[in-house]
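K.L.:
the following block contains a protein sequence and its predicted model.
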Amino acid sequence: MFERIKRQISRFLFRKKDVWLAKGSVVQSSFLEGKNAVGKDSFVIKCHIGLGTYLGRDCYLHRIKIGRFCSIANGL
């Protein structure tokens, strides 16, 4: 139940930036510029994700800086 509440809070905070989080994705202590998508079962921890960048499913990113308008493949 706690995970569900955390997820709802994340969605609320990112809604203004037009960020889409798929089911099972986790974003912690990260900055997303906006217009981003995070795929299913992906983890984004302490990262900076540029405007218009989207991540595929099953990605694990930790302390990474990704520029604007990038596409990250599944399983990275």
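P.N.:
Ah, there it is.
K.L.:
what distance do you get for the residue positioned nearest the centre of the chain to residue 5?
P.N.:
Central residue of the chain (C-alpha atoms, centre = their mean): residue 38, 4.2 Å from the mean position. Residue 38 is 19 Å from residue 5, where distance means C-beta to C-beta, to the nearest Å. Using the backbone N, CA and C atoms, a C-beta is placed for each residue, glycine as well.
K.L.:
again, but for residue 61
P.N.:
Taking C-beta to C-beta as the measure, residue 61 falls 24 Å from residue 5.
K.L.:
so for the two, which residue has more residues nearby?
P.N.:
residue 61 (20 against 9; other C-beta atoms under 10 Å).
K.L.:
so where does that one fall, helix or strand?
P.N.:
Using DSSP states H and E, residue 61 falls within strand 60-62.
K.L.:
so what strands line up beside the helix or strand immediately after that strand in the chain?
P.N.:
Downstream of strand 60-62, the next assigned helix or strand under DSSP H and E is strand 65-66. Under the criterion DSSP bridges, strand 65-66 sits next to strand 48-49 (parallel) in its sheet.
K.L.:
now do whatever helix or strand comes next after the strand it pairs with: which elements does it pack against?
P.N.:
Heading C-terminal from strand 48-49, the first helix or strand you meet, by DSSP H and E, is strand 54-55. The contact analysis (3 or more C-beta pairs under 8 Å, 6 or more residues apart in numbering; DSSP states H and E) places strand 54-55 against strand 37-38, strand 71-72.
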